[in-house]
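Q: Structural data only, the sequence is not supplied:
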């Protein structure tokens, strides 16, 4: 890495909730096929209402793919895991507030 | 480079059976999986466990690794023995996976060549594919922690990212890339910044991949973040709560005066509109702190209060 690269400040594009990804991009990104995507929809992991998905949906798909590939979690289990993760995150925030309050 | 004791990493004896190894991997993978774990350095440990499993689950790799001997210690300076032939004899470790940030350590690479498989993510390792075809480089993904103030006000952060680069023969080696990145004001946790062309180089003249940085916020000393709202606990004395007062409270962009109404109670929430992030609010939660009765005068005051302000806080308990 040369010095000029180190000093250059990189400005990227923020992918917010309005940013969308095509289903083709999703399949290429996660190396999955239509059948797997359809199965995820069948299990209620996400809905496809348009040819594109938004960033929160992409994150859910990413988590499911990782759970399935890394931890051998089936899609029914992944649905439960996603629900529990959402609840857990909410509880963590509440706990952090409580910890500061009762310190 | 440092020796990696794969048995120690997996919590196993060197005589562990294949079933033991599989069981240990599954348990540790669940514990450290970055999508579900909040353990410190979870992602790093997940990769470490994945690499250990990649070697120990494979009879040939395990045998070759065991031949290094059992006297090495985790973290000890290491070099592959002279005449080490595993990578040359078996080719690179896998065509499935690798690619992107340090999926394998230098230690693994020196013994088995690059890439992974098994426990590693399918990152699209490019060796083994047609080199004549122009292929876009892989995207890199990383998570960074930024202070809440930087996310709100914007900042420039220097970050160091370990990554795997590929030589002309497509063989990987681990390196570190240092980047200065602009964190735009108003970025929210979980959002990603895409930096074009900062990913893996393309093959056969294909374009470079992109770098995706996922924003996470460091724990703040004062505030907690819930969505776009922030929460602050505000300690008050009993007389401030009872009589009402004005208190200067911190916000993300300076201090503001907050009117505490008389007869305020502990746990009450007061909203400072627009003082959160991205249009959210700041909620101030009141906390009453009782001064200790450590002097005769203080004790006398408390006794007077008890006498002149009969009050049962346990009435709802029926006691």
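A: Okay, I see it. For clarity, every value in this text was computed on a predicted model and none was experimentally measured.

Q: three-state assignment of residue B:64?
A: For residue B:64, the secondary structure call by DSSP: H, G, I helix; E, B strand; the rest coil comes out as helix.

Q: contacting residues for the closest residue to chain B within chain A?
A: Ranked by C-beta to the nearest C-beta, the top residue of chain A for proximity to chain B is residue A:12, at 3.9 Å. Quick note: C-beta positions are derived from backbone N, CA and C, even for glycine. The neighbourhood of residue A:12, defined by C-beta atoms under 8 Å, 6 or more residues apart in numbering or on different chains, consists of B:181-182, B:193-196, B:211, B:213.

Q: Residue B:270 now?
A: When contacts are counted by C-beta under 8 Å, 6+ apart, residue B:270 is found next to B:258, B:260, B:283-284, B:286.

Q: those strands in chain A, which residues are they?
A: Counting by DSSP state E, chain A forms strands over residues A:9-10, A:13-15, A:20-22, A:52-54, given from the N-terminal end onward.

Q: From the rest of the structure, what touches the second one?
A: Around strand A:13-15, the neighbours that count as contacts under C-beta under 8 Å, 6+ apart are A:55, B:184, B:187, B:191-194, B:196, B:212.

Q: Lowest-confidence member of the residues you listed, which is it?
A: pLDDT is lowest at residue A:55 among the contacts of strand A:13-15; the value there is 84.

Q: Show me which residues of stretch A:22-35 are buried.
A: For stretch A:22-35, burial by neighbour count (16 or more other C-beta atoms under 10 Å in any protein chain shown) applies to A:26, A:29-30, A:32.

Q: got it, and stretch A:89-99?
A: Using 16+ other C-beta under 10 Å as the test for burial, stretch A:89-99 gives A:93, A:96-97.

Q: Run through the residues you listed and flag the ones next to chain B.
A: Cross-checking the buried residues of stretch A:89-99 against chain B (C-beta under 8 Å from any C-beta of the partner chain) gives A:93, A:96-97 as the overlapping residues.

Q: if we can go back for a sec, with distance to chain B and pLDDT as new columns, can the buried residues of stretch A:22-35 be given to me in CSV?
A: Conversion of the buried residues of stretch A:22-35 to CSV gives the following (distance: C-beta to the nearest C-beta, whole Å; pLDDT from 0 to 100):
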residue, distance to chain B, pLDDT
A:26, 13, 89
A:29, 8, 81
A:30, 8, 87
A:32, 10, 91
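
Q: So what touches whichever strand or helix holds residue B:111?
A: Following DSSP states H and E, one finds residue B:111 within helix B:106-112. Outside of helix B:106-112, the residues that reach it under the criterion C-beta under 8 Å, 6+ apart are B:1-4, B:51, B:54-55, B:61, B:64-65, B:68, B:78-80, B:84, B:86-87, B:90, B:93, B:172-174.

Q: ok, of those residues, which come out buried?
A: B:4, B:51, B:54-55, B:61, B:64-65, B:78, B:80, B:84, B:86-87, B:93, B:172, B:174.

Q: Thank you, goodbye.
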